[in-house]
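S.K.: please find the sequence and the predicted model below.
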Amino acid sequence: MATLLALCLLTPAHAAPQPVVADVEVTRDGNSWIADYHFSRAAPAWAFLHSALAREDRKPWRPRSWTIETKGLRLERHGWYDVLVSERGNVPERVRIRFTPSTLDLEADYDPALVFSDGAVALFTDQFDVTPLPSAAAAAKLPIELRNIDIAGLTRATFRDRAGKVLHAGVRKDKVVTTEGRSYVLFGKGEVVSTADIAAVLDPALPKWLADDLRTSTPRLLALHRQLLGPRSGPKPMLMASWAGPTPGRTSLGGSVLPGLVLMAFEGAGVAERSQQARDYMHWFVAHETAHFWLGQTVDYDAANHAWMTEGGADLIAVRAIPSIDPAYDPRKRLNEAIAKCAGYARRPVNSANERSEHDAYYACGAVFGLVAEAAQNKRRPGGGIGGFWRSLIEANRKDGVVSQADWLAMLTQVSRDPTLARDIRRLAERGSDEPRRDIASLFRRAGVAHDVAGSGELRLR
Ligand SMILES: [Zn+2]
């Protein structure tokens, strides 16, 4: 596929309760969209917390789709942030902004909107989040990482549609109110397919093969995950799939995951007709992202550089689930690629891969470490697999909601009764190795991961 984007790493919500410093009423009236702000602090400038650049031209997206109707105000760019600036004194208490939902793909953040071909629109709730600043220039000192920003308080957003109800977390309501919603609100109809495990909103113009496949495979994948992993926390999750049309020469599936929500944006002639490659990728995407409703949301990792636990876990759970919706699918292709990639990445500590922009190492080495846990689990309880391993981890950590690297390694030792496996995985995670392939082969041998060694020395799952 030409465009494969997955955004798995979430920004955590602020742990301590915060005061509300701004209210915003977002209203759709036909084709007109308005955001009415009510600021409860006096400040000469307010920064928009979600201000990632558009991927296509690395420029801010707001000036292209937002118009400040209140006089004497400007949108300026300072550092990593779009800032609402008063030309004199403080920004007034009430500010009106008119906007067109922007579907631009952003760099490492959620797209402001998903537009469906029947006119339905899903808005990213947190695009309206603001924080007061002592001056516009102060925004230049804010770090790029949202999690590192010490904000003055929260923005409370209310979403309404003059035409009727809006859909949020699987429920249609007259209005939706969020603070740090980390979600999307759907305006308009959209076809909703609801089962006990998930509510899916599919663009009515999606190519038929895609819609038919999503309609049947998604509920089955969710049911499989539930049977394997046990109860999930949070309300019924949603999947939203939009279609931007059969653009010639394009094959694009972008997507992301938020708490309780998987988003997919399809575009291009390349996915208009059924293809096995597009089908495999779509199944992998849905199976992987929905596994995060458990690994990542029911329990979280303790630190972002331990993402190998949840990314590798979600990946292994995904490729093990797909054959039940597509018997022709061979999980070994993706897993063998992961083994080969990990043998490269693990020369350096896997845990610090994010500092080298090697996020793929968390998926690849996470899957390798997951294979060791899976084999250990299967030896102990045949058929338990990686799902059984994670079910025990979730149950043991459901209360505090966090699986630490120490928890994961201790579970491996408990299941395998061989502490050298955890010791060696920990070494690859924290220190790396001069000969990662040799170390992976040794882990596989001791844990009982069935594999062959090719003439070139490459490891291949049997
Ligand atoms: Zn993921």
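M.R.: Yep, it's here. Numbering: from 1, shown residues only.

S.K.: I'd assumed Asp300 was in contact with Val403.
M.R.: Yes - in this structure, Val403 is within contact of Asp300 by CB atoms under 8 Å, at 7.3 Å. Just so you know, the C-beta spots here come from the backbone N, C-alpha and C atoms, and that holds for glycine as well.

S.K.: quick one: common contacting residues for these two?
M.R.: Common neighbours of Val403 and Asp300 are listed as Thr310 (criterion: CB atoms under 8 Å, 6 or more residues apart in numbering).

S.K.: give me the more crowded residue out of these two.
M.R.: The residue with more neighbours, out of Val403 and Asp300, is Val403; 25 against 18, by other CB atoms under 10 Å.

S.K.: tell me the bridge partners for that one.
M.R.: Taking DSSP bridges as the rule, Val403 bridges to Tyr301.

S.K.: helix, strand, or coil at the residue of the chain most remote from its centre?
M.R.: Here the centre of the chain is the reference, and by CA atoms, centre = their mean the most remote residue is Arg88, at 40.3 Å. Secondary structure, DSSP: H, G, I helix; E, B strand; the rest coil: Arg88 is coil.

S.K.: now it, nearest residue through space, not along the chain?
M.R.: Gly72 (6.5 Å; CB to CB, 6 or more residues apart in numbering).

S.K.: that neighbour and Ser86, how far apart?
M.R.: Per CB to CB, to the nearest Å, Gly72 is found 6 Å from Ser86.

S.K.: coming back round to it: would you confirm that the residue nearest to Arg88 contacts Leu84?
M.R.: No - using CB under 8 Å, Gly72 makes no contact with Leu84, being 11.1 Å away.

S.K.: okay, those two: which has more neighbours?
M.R.: Legend: neighbour count by other CB under 10 Å for Gly72 and Leu84, higher for Leu84 (26 against 13).

S.K.: show me what contacts the more buried one?
M.R.: Leu84 is in contact with 45-48, 68, 73-75, 91, 95, 130, counting by CB under 8 Å, 6+ apart.

S.K.: are any of the residues you listed buried, and which?
M.R.: Using 16 or more other CB atoms under 10 Å as the burial test, the contacts of Leu84 include 45-48, 68, 73, 75, 91, 95, 130 as buried.

S.K.: which stretches of the stretch 1-150 of the chain form helices?
M.R.: 62-65 (DSSP state H, counting those that start in this stretch).

S.K.: how about the strands in it?
M.R.: Ranges of strands in the stretch 1-150 of the chain, per DSSP state E, counting those that start in this stretch, are 3-7, 20-29, 32-39, 45-48, 66-68, 73-78, 81-86, 94-99, 113-115, 121-124, 130-133.

S.K.: any idea which of those gets closest to the ion?
M.R.: The closest of the strands of the stretch 1-150 of the chain to the ion is strand 3-7. By CB to the ion, the value is 6.2 Å.

S.K.: what's the average pLDDT for the closest one?
M.R.: Looking at strand 3-7 alone, the average pLDDT works out to 46.

S.K.: what do you get for stretch 138-153?
M.R.: Stretch 138-153 shows a mean pLDDT of 82.

S.K.: the residue nearest to Lys236 when sequence neighbours are not counted: what's it in contact with?
M.R.: The shortest distance from Lys236 to any non-neighbouring residue, by CB to CB, 6+ apart, is to Gly170 (4.3 Å). Applying CB under 8 Å, 6+ apart, we find Gly170 in contact with 194, 199, 235-238.

S.K.: which two of those residues have the greatest separation?
M.R.: The largest distance within the contacts of Gly170, taken as CB to CB, falls between Ser194 and Pro235 and amounts to 12.4 Å.

S.K.: SS state for Tyr362?
M.R.: Here Tyr362 takes the helix state, with states given by three-state DSSP.

S.K.: show me this protein divided up by domain.
M.R.: 20-115+122-187, 192-291, 300-461 (automatic domain parsing).

S.K.: okay if I get the ones you listed as CSV plus distance to the ion?
M.R.: Listed next are the domains of the chain as CSV, based on distance: least, CB to the ion, whole Å:
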stretch, distance to the ion
domain 20-115+122-187, 14
domain 192-291, 5
domain 300-461, 5
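
S.K.: go ahead and confirm Gly230 touches Ser392.
M.R.: No - between Gly230 and Ser392 there is no contact under CB under 8 Å: 9.6 Å.
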